[in-house]
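Undergrad: Here is a sequence together with a model predicted from it:
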Amino acid sequence: MIETIQSQARRERPFHETTAFKVGTTILLLSGLVASDIFLPALPAMVKVFNISQTEAQALLSIFLLIMGMFQLFIGPLSDWLGRRPLLLTSLFLYSVSSLAMSYTKHYDHLLILRAIQATGACGAITLGRAIVGDQLSKEQAAQFFLIVFPIVGCSPAIAPLIGGILNETWSWKACFYFIAALGSITFILVWLSFPETRPASKEKHLDSPFSTYANRYIRLICLPGFWFYALTPAFAYMGYFAYIAESPFLMQQQGIQPEYFGYTYVSLSIAYVSGNVLIRKIRSQRQWSINRSLTLGYLLYTSGAGFVLMASILTPYHFIPFIFGMSFLAAGNGILLPLGTAGAMTVDANLSGAASGLLGAIQMTGGAIGAHWVGYTTAHSPELFGYCIASIALIAIFFQVMTKYQSNQQTHTA
């Protein structure tokens, strides 16, 4: 009888109007960034525990971003074939169990393997969270939903390390992964109890689909210079940002900042990111700026921040405030580059928007992984050299943007 009443209530109230949908999808979209950043204040402690170099420790971030990026190419099509719910529950299970296991492992190689499994689960949570929003909401409703959620997502790179610093200082580095395991477990229960299957009925199971279809679409996208012009924008935005995120614990350690205060230094980055986002929305609404013109402002802020970090490395390498100031300008640029680069890449060809989402996510996360991995090898963890790394990324970004824009214009004129 009770089950009958509950089922009638569910039929009367659409899933997208429930609190479970709003809270659950928000947590799903946050899960990847929380897992990627929360342990940053504990990195120096983990270096000692596992007897590894600082560069080896940074692989915990780069491998996470790389796996999370690559699996976006497959999880979307796979969920079209098998359904959202079973894959989402599997992803959350992997996310939770691997996070818990990381707290108990005694070997760094095992830690890396578990980190890769954790990234697979996080990728599934984020990708399928987006897919569920797309299944349940219209284009206008989804836009309004993301306008509410994305400022929260934008603050997570500051909130997660802040929580991680408190956990590490109060208990140990293991507490960071206990927290992730608990978050994943709670989300698993919420999805299990409240989330129905949302895959549209039109997406039927075919043995040769959707993978063959998506492979053809990926190839078509790769051949479009216009896609690369926009897709490389989030990639370089993430490359510079995650180069700093990966290196920041060791930079701040050399600059005299205690690990328990690491998390507070990321707050200005999130404020700057949200400020850049708000600024460009206001400008575009009042002055009707195009995406390309808006991206120019984003790159101006990005390169100005990189230039300031370079000057800080040369003039005041062991004072953290100039570094934070410069990186805040870069983060403000990212507040423009990330959403507009994403919008541009998704609309290059309206018939390829689904494939563009997966390929764009892979390119973006790979950019972050390259930045996180490259920074340790190029700087040898020296504050004097860090600015050169960030400035180099900015210059390479400008070069590729000019080249891809030129090729895109040439293709347009030829057509």
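TA: Done, it's in. Numbers count the residues shown, from 1 in each chain.

Undergrad: per-domain residue ranges of the chain.
TA: Structural domains assigned to the chain are 7-196, 208-415, following automatic domain parsing.

Undergrad: for T105, helix, strand, or coil?
TA: coil (DSSP: H, G, I helix; E, B strand; the rest coil).

Undergrad: any idea what sits nearest it, other than its immediate chain neighbours?
TA: Of all residues not flanking T105 in the chain, L111 sits nearest, at 5.2 Å (C-beta to C-beta, 6 or more residues apart in numbering). Heads up, the C-betas are built off the backbone N, CA and C, glycines and all.

Undergrad: In contact with the one you found: list those residues for me.
TA: With contact set as C-beta atoms under 8 Å, 6 or more residues apart in numbering, L111 has these partners: 50, 60, 102, 105.

Undergrad: out of the residues you listed, which is most surrounded?
TA: Top of the contacts of L111 by neighbour number is M102, holding 25 neighbours under the definition other C-beta atoms under 10 Å.

Undergrad: Tell me the helices and strands packed up against the helix or strand hosting A369.
TA: Under DSSP states H and E, the secondary-structure element containing A369 is helix 353-379. Under the contact definition 3 or more C-beta pairs under 8 Å, 6 or more residues apart in numbering; DSSP states H and E, helix 353-379 sits against helix 54-82, helix 108-136, helix 211-222, helix 225-254, helix 320-346, helix 383-414.

Undergrad: For the longest one, buried residues please.
TA: Looking back up the chat, that one is helix 383-414. Within helix 383-414, the residues scored as buried using 16 or more other C-beta atoms under 10 Å are 383, 386-394, 397, 400-401, 404-405, 408.

Undergrad: What mean pLDDT does it get?
TA: Averaged across helix 383-414, pLDDT comes to 82.

Undergrad: The third one too?
TA: Averaging the model's pLDDT scores along helix 211-222 yields 79.

Undergrad: in it, what's buried?
TA: So helix 211-222, judged by 16+ other C-beta under 10 Å, has buried residues 211, 214, 217-218, 221.

Undergrad: could I get these as a markdown table with distance to S185?
TA: Conversion of the buried residues of helix 211-222 to a markdown table gives the following (distance: C-beta to C-beta, whole Å):
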| residue | distance to S185 |
| --- | --- |
| F211 | 31 |
| Y214 | 32 |
| R217 | 36 |
| Y218 | 34 |
| L221 | 37 |
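
Undergrad: Which two of the residues you listed have the greatest separation?
TA: By the measure C-beta to C-beta, F211 and L221 form the most distant pair in these, at 15.4 Å.

Undergrad: unless I'm mixing things up, R130 is touching S357, no?
TA: Yes - counting by C-beta atoms under 8 Å, R130 does reach S357; the two are 7.4 Å apart.

Undergrad: Name all residues that sit in contact with these two at the same time.
TA: None of the residues lies in contact with both R130 and S357 under the rule C-beta under 8 Å, 6+ apart.

Undergrad: which residues sit against stretch 52-60?
TA: Residues outside stretch 52-60 that contact it (C-beta under 8 Å, 6+ apart): 39, 43, 46-47, 50, 108, 111-112, 115, 246-247, 250, 372-373, 375-377, 381.

Undergrad: gap between it and the chain center?
TA: Mean-position distance between stretch 52-60 and its chain equals 20 Å (C-alpha atoms, centre = their mean, to the nearest Å).

Undergrad: Correct me if wrong: I63 contacts A119.
TA: Yes - judged on C-beta under 8 Å, I63 makes contact with A119 at a distance of 7.1 Å.

Undergrad: Look at the two and report which has more neighbours.
TA: In terms of neighbours (other C-beta under 10 Å), A119 is the more surrounded of I63 and A119; the figures are 26 against 19.

Undergrad: and that one, what does it touch?
TA: When contacts are counted by C-beta under 8 Å, 6+ apart, A119 is found next to 32, 35, 63-68, 71.

Undergrad: Tell me the pLDDT of it.
TA: According to the model's per-residue confidence, A119 sits at a pLDDT of 96.

Undergrad: residue contacts, P161?
TA: So, once contact is read as C-beta under 8 Å, 6+ apart, P161 ends up touching 37-38, 40-41, 262-263, 266.

Undergrad: SS state for it?
TA: Per three-state DSSP, the local secondary structure of P161 is helix.

Undergrad: Skip the chain neighbours and tell me the closest residue to it.
TA: Leaving aside its chain neighbours, P161 sits nearest to G263 (4.1 Å; criterion: C-beta to C-beta, 6+ apart).

Undergrad: Give me the neighbour count for that neighbour.
TA: By the other C-beta under 10 Å criterion, the neighbourhood of G263 contains 24 residues.

Undergrad: same thing with N51?
TA: N51 - counted by other C-beta under 10 Å - has 8 other residues nearby.

Undergrad: now V97
TA: With other C-beta under 10 Å as criterion, V97 counts 18.

Undergrad: Torsion angles phi and psi at it?
TA: Here the main-chain torsion angles of V97 (degrees, to the nearest 10) amount to phi -70, psi -40.

Undergrad: what residues are up against E197?
TA: E197 makes contacts with 83-85, as judged by C-beta under 8 Å, 6+ apart.

Undergrad: my guess is L100 meets C176, correct?
TA: No - taking contacts as C-beta under 8 Å, L100 lies outside contact range of C176: 11.8 Å.

Undergrad: Out of the contacts of A119, grab the one that's most surrounded.
TA: In terms of neighbours by other C-beta under 10 Å, the contacts of A119 top out with M68 at 31 neighbours.

Undergrad: Next one: it relative to G326, how far apart?
TA: Distance of M68 to G326, computed by C-beta to C-beta, to the nearest Å: 27 Å.

Undergrad: Equivalent analysis for I38, please.
TA: Shown here: I38 relative to G326, a distance of 24 Å by C-beta to C-beta.

Undergrad: Counting neighbours, go ahead and name the busier of the two.
TA: Just comparing I38 and G326: by other C-beta under 10 Å the higher neighbour count belongs to I38, 28 against 23.

Undergrad: Spit out the contact partners of that one.
TA: Taking C-beta under 8 Å, 6+ apart as the definition of contact, the neighbours of I38 are 160-161, 163-164, 167, 176, 179-180.

Undergrad: and if you look at L190?
TA: So L190 contacts 20, 23-24, 27 (C-beta under 8 Å, 6+ apart).

Undergrad: Mark which of those residues are buried, thanks.
TA: The neighbour-count criterion (16+ other C-beta under 10 Å) marks 24, 27 among those as buried.

Undergrad: Could you export the contacts of L190 to CSV, including columns for pLDDT?
TA: As requested, the contacts of L190 are arranged in CSV below (pLDDT from 0 to 100):
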residue, pLDDT
A20, 83
V23, 88
G24, 89
I27, 91
